[in-house]
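Structural data only, the sequence is not supplied:
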């Protein structure tokens, strides 16, 4: 699996994977056009949507409607470092959501693959290479 990165101009950086383009940009305060989420915003959204897909699968397996279910992800920053110190996901369930599944839907969201990679991160290696001109 490979993701190709392209630089379309300004502060934009695109990721090409599986024939799809994920566009990123920086906010105006960082010199960008604010035309797309920043890479870090995509990261945070990937965590939330990953948990969301596990909630969706959980509900579908039990024929529970997802109508009225809403998820909110909140982040708290450490005032000393300015870095995110807590990410909390709040699953808002409708009143008619089956009581017996309330704690199970939380466990389902906690199965998120992105969350698991954060808990046990892979080794990240950055290298350089020189472009070759193929004959």
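Structure's in. What do you need? Note that the structure is predicted; figures quoted are calculated from it, not measured.

can you give me the strands for this protein?
4-9, 12-17, 20-24, 70-77, 84-92 (DSSP state E).

can I see the domain layout of the protein?
1-36, 38-119 (automatic domain parsing).

Any chance of the ones you listed in CSV with distance to residue 132 as columns?
C-beta here means a position set from N, CA and C on the backbone, and glycine is covered the same way. Shown next, in CSV, are those (distance: least, CB to CB, whole Å):
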stretch, distance to residue 132
domain 1-36, 16
domain 38-119, 28
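
Counting neighbours, what do you get for residue 58?
19 (other CB atoms under 10 Å).

Could you do residue 51 as well?
24.

and if you look at the one 5 residues further on?
Using other CB under 10 Å, the number of residues around residue 56 comes to 14.

so what does the longest helix seen in the chain touch, helix or strand wise?
Determined from DSSP state H, the single longest helix within the chain is helix 39-61. Applying 3 or more CB pairs under 8 Å, 6 or more residues apart in numbering; DSSP states H and E, we find helix 39-61 packed against strand 20-24, strand 70-77, strand 84-92, helix 102-109, helix 113-119.
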